[in-house]
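**Q** Provided below are the primary sequence and the corresponding predicted coordinates.
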Amino acid sequence: MLASQRQARIVEELRRGGGVRVSDLTELLGVSDMTVRRDLEVLARAGVLHKVHGGAVLATSRRTDEPGFAAKSALQQPAKEAIAARAAELITPGTAIALSAGTTTWNLARHITAIPELTVVTNSTTVADILEAQAPRAGFTVILTGGVRTPSAALVGPVADQSISSLHVDQLFIGMHGMDAVAGLTTPNLAEAQTNRALINSAKEVVVLADSTKWGIVGLADFGPLSTADVLITDNGLPPAAHDILAESVGDLIVVDAADSGLPSAPSVGDRT
């Protein structure tokens with residue numbers, strides 16, 4: 001296969017899923033890791049994609065683009081695992097917590113199955129799948145909000161907002177599409193922004209989970225300034241200037257080593273959303 005043919009196939013995969021992993025491309029294209037990385041570099045210089053740790057995402061200026069859950073779960077896995085492991089250390093057995101939709105909170109769900117007697121509120125079908133499988137053994141109570149499902153497996157809209165508004169939790173663990181010094185915490189989905197606000201209002205403490213690649217990305221709708229975060233957990237890929245801004249804006253900034261996670265890498269979700 002010629003380089004131009006490989007690159008066209010990479011673009012096709014990007015447009016289909018919103019993101020690609022180097023490991024998947026080497027298998028798909030039958031070439032070496034180095035060849036794939038060279039192709040990604042060519043496409044990045046052409047402005048077609050943005051390289052991220054372990055892969056690439058489709059370059060776009062549209063603030064309404066919402067990648068599917070499967071595409072997002074393939075990206076930044078070491079950082080998300082390390083962030084999730086650190087977040088789990090903040091949880092006390094027997095408390096009521098909420099987990100928003102998102103791939104980092106999905107990783108967190110895998111880490112909390114050993115914490116007993118939790119009540120977990122979530123608007124994520126993928127988070128609920130993990131927790132409900134473990135609920136009898138761990139003594140969990142899992143509350144799924146209901147609502148209209150988005151491409152990122154979030155349940156949003158009036159049904160979700162109303163159910164959340166009647167609840168009060170000790171901690172909320174929430175992800176986002178992007179974070180920015182001016183725009184704050186953002187998502188490409190208007191309804192999800194409103195549901196995220198409801199989750200924030202229900203919580204005594206807000207813990208934001210955001211890998212470093214989220215910095216500088218601005219989605220269509222914001223659901224709060226950076227100061228919304230009582231705690232923000234990110235990884236050590238964050239630029240120094242961004243670190244300084246976050247340190248001044250949030251209650252407590254926790255930076256983890258992206259290579260340090262408490263579980264094996266998350267299994268591939270395939271086409272599941």
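**A** On my side now, so go ahead.
**Q** Show me this structure divided up by domain.
**A** Structural domains assigned to the chain are 3-59, 73-256, following automatic domain parsing.
**Q** Lowest average confidence across these, which one?
**A** Comparing mean pLDDT across the domains of the chain, the weakest is domain 3-59, with a mean of 83.
**Q** Would you map the helices across this protein?
**A** Under the criterion DSSP state H, the chain contains helices at 3-17, 22-29, 33-45, 69-73, 77-88, 103-111, 125-138, 158-165, 190-202, 240-249.
**Q** can you state the direction angle for the first one and helix 33-45?
**A** With axes from the mean of the first three to the mean of the last three C-alpha atoms, to 10 degrees as the basis, helix 3-17 and helix 33-45 are set at 70 degrees to each other.
**Q** Return the list of helices and strands in contact with helix 3-17.
**A** The contact analysis (3 or more C-beta pairs under 8 Å, 6 or more residues apart in numbering; DSSP states H and E) places helix 3-17 against strand 19-21, helix 22-29, helix 33-45, strand 49-52, strand 55-58. (C-beta placed from N, C-alpha, C; glycine too.)
**Q** is it true that residue 226 touches residue 247?
**A** No. Contact status for residue 226 versus residue 247: not in contact, 10.4 Å apart, counting by C-beta atoms under 8 Å.
**Q** ok, the closest residue in space to residue 245 that isn't next to it in sequence - contacts?
**A** In space, residue 245 comes closest to residue 181 once its chain neighbours are excluded; the distance is 5.0 Å by C-beta to C-beta, 6 or more residues apart in numbering. By C-beta atoms under 8 Å, 6 or more residues apart in numbering, residue 181 lies in contact with 226, 242, 245, 249.
**Q** got these as JSON lines, with neighbour count and distance to residue 11 columns?
**A** Formatted as JSON lines, the contacts of residue 181 follow (neighbours: other C-beta atoms under 10 Å; distance: C-beta to C-beta, whole Å):
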{"residue": "226", "neighbour count": "19", "distance to residue 11": "34"}
{"residue": "242", "neighbour count": "18", "distance to residue 11": "29"}
{"residue": "245", "neighbour count": "18", "distance to residue 11": "34"}
{"residue": "249", "neighbour count": "17", "distance to residue 11": "37"}
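**Q** Make a markdown table from those and add distance to residue 4 to it.
**A** Below are the contacts of residue 181 laid out as a markdown table (distance: C-beta to C-beta, whole Å):
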| residue | distance to residue 4 |
| --- | --- |
| 226 | 43 |
| 242 | 36 |
| 245 | 41 |
| 249 | 45 |
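**Q** Residue 27: which of these is nearest?
**A** Taking C-beta to C-beta as the measure, residue 27 lies nearest residue 242 of these, at 34.0 Å.
**Q** For the domains of the chain, state which one has the densest average packing.
**A** Across those, averaging neighbours per residue (mean count of other C-beta atoms under 10 Å) puts domain 73-256 on top, at a mean of 20.
**Q** re earlier: next one: the residue nearest to residue 245 from residue 104, what distance?
**A** 21 Å (C-beta to C-beta, to the nearest Å).
**Q** what's residue 170 in contact with, if anything?
**A** Residue 170 touches 92, 95, 96, 97, 203, 204, 205, counting by C-beta under 8 Å, 6+ apart.
**Q** could I get those residues as a markdown table with distance to residue 79?
**A** A markdown table is the format used below for these (distance: C-beta to C-beta, whole Å):
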| residue | distance to residue 79 |
| --- | --- |
| 92 | 25 |
| 95 | 26 |
| 96 | 27 |
| 97 | 22 |
| 203 | 24 |
| 204 | 27 |
| 205 | 22 |
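**Q** Okay then, goodbye and thanks.
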